[in-house]
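Engineer: Quick one: sequence plus predicted model below, questions after.
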Amino acid sequence: MPLNDYIQGLDIENPIDLFTVFNPFVSNFPTTSFCNFGAVSYRGVQYLPIACKVQWMPKDGESAIQTKLSVSDISGTVGTLIDNYGILGAKLTAIRTYSPFLDNQPAADPLAYRSFELRINQYSGAFKREFEFDLVPSETLDRKGGRRYLRRCTWQLSDDRCQAPTNVNYDLNGQPCLPSQRACRKDLTQCQQYHGHIRRFGGFPGVQWRNSR
């Protein structure tokens, strides 16, 4: 049965989300696949049973700037991956399908799925507890000086991650202004104005905030 026909049926089940993480920028990074449904196989790939939940993005351009993936780390699988190899900037392929289409099922269909190509931009969490990842669609990442970055910063002006000086005030046009008119466009140019550099720009994969173990 074609995927669209199944989705429009009356007896549709909850979808199954399948995730594969790979970091082409880290040598020997072990490709890791996991699933919110249990130990399954789809399109010849074996998925580990790891409890996870994703907030899916709308398909409307810039408003789809990021989504979140929460992953249980009771087994320590995810925490070990982070500690040994690093995970910021890693590629995450997300596949959504349904149980009748899984391998070894009567209606198995390797074409009955929808996929999303994402990148891990930030994360927080604790080893053997839970991690939460901020995911961005690959097409929202640009390059500057060899570094990949989001078009818009994800921090709030002068919060504990931005740390822009509170005695420096610019409006959205980049002009000096009164404190009551202070704002930030959340782009690289205005980050440079507030800091004198872009090292604190909240769109580089590599800027992270993480709880201790």
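Structural biologist: All right, it came through fine.
Engineer: tell me the SS of the residue nearest to the spatial centre of the chain?
Structural biologist: Nearest to the mean C-alpha position of the chain, by C-alpha atoms, centre = their mean, lies residue 135 at 1.2 Å. Classification of residue 135 using DSSP: H, G, I helix; E, B strand; the rest coil returns strand.
Engineer: Poorly predicted segments of the chain, please.
Structural biologist: 1-12, 57-66, 138-152, 204-213 (pLDDT under 70).
Engineer: about what we covered before: the residue nearest to the centre of the chain reaches residue 123, doesn't it?
Structural biologist: No: using C-beta atoms under 8 Å as the test, residue 135 is too far from residue 123 to be in contact (9.7 Å). (Each C-beta comes from the backbone N, C-alpha and C, glycine too.)
Engineer: Strands of this structure, residue ranges please.
Structural biologist: 16-22, 32-35, 40-42, 45-49, 52-54, 67-72, 91-97, 114-126, 130-137, 141-144, 147-150 (DSSP state E).
Engineer: so what does the fifth one touch, helix or strand wise?
Structural biologist: Packed against strand 52-54 by the contact rule (3 or more C-beta pairs under 8 Å, 6 or more residues apart in numbering; DSSP states H and E) you find strand 16-22, strand 67-72.
Engineer: Between the strands of the chain, which one is closest to residue 161.
Structural biologist: strand 114-126 (9.4 Å; C-beta to C-beta).
Engineer: returning to what we had before: what's the most buried one of the helices and strands packed on strand 52-54?
Structural biologist: Burial of the helices and strands packed on strand 52-54 is given as mean neighbour count (mean count of other C-beta atoms under 10 Å); strand 16-22 ranks first at a mean of 20.
Engineer: Now find how far off-centre that one is within its chain.
Structural biologist: In this view, strand 16-22 has its centroid 12 Å away from the chain centroid, taken as C-alpha atoms, centre = their mean, to the nearest Å.
Engineer: Could you list the paired strands of that strand along with their orientation?
Structural biologist: strand 32-35 (antiparallel), strand 91-97 (antiparallel) (DSSP bridges).
Engineer: want to throw the ones you listed into a markdown table with mean neighbour count and distance to residue 113?
Structural biologist: Converted to a markdown table, the strands paired with strand 16-22 look like this (neighbours: other C-beta atoms under 10 Å; distance: least, C-beta to C-beta, whole Å):
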| stretch | mean neighbour count | distance to residue 113 |
| --- | --- | --- |
| strand 32-35 | 21 | 13 |
| strand 91-97 | 19 | 4 |
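Engineer: related to what we said a few turns ago, now the helices and strands packed on strand 52-54 as TSV including distance to residue 40?
Structural biologist: Shown next, in TSV, are the helices and strands packed on strand 52-54 (distance: least, C-beta to C-beta, whole Å):
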stretch	distance to residue 40
strand 16-22	7
strand 67-72	16
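Engineer: Just give the closest residue to residue 166, not the sequence neighbours.
Structural biologist: Spatial nearest neighbour of residue 166, chain neighbours left out: residue 158 (5.5 Å); criterion: C-beta to C-beta, 6 or more residues apart in numbering.
Engineer: wait, doesn't the one you found sit right on residue 164?
Structural biologist: Yes: using C-beta under 8 Å, residue 158 makes contact with residue 164 at a distance of 4.7 Å.
Engineer: who has more neighbours, the two?
Structural biologist: residue 164 (21 against 15; other C-beta atoms under 10 Å).
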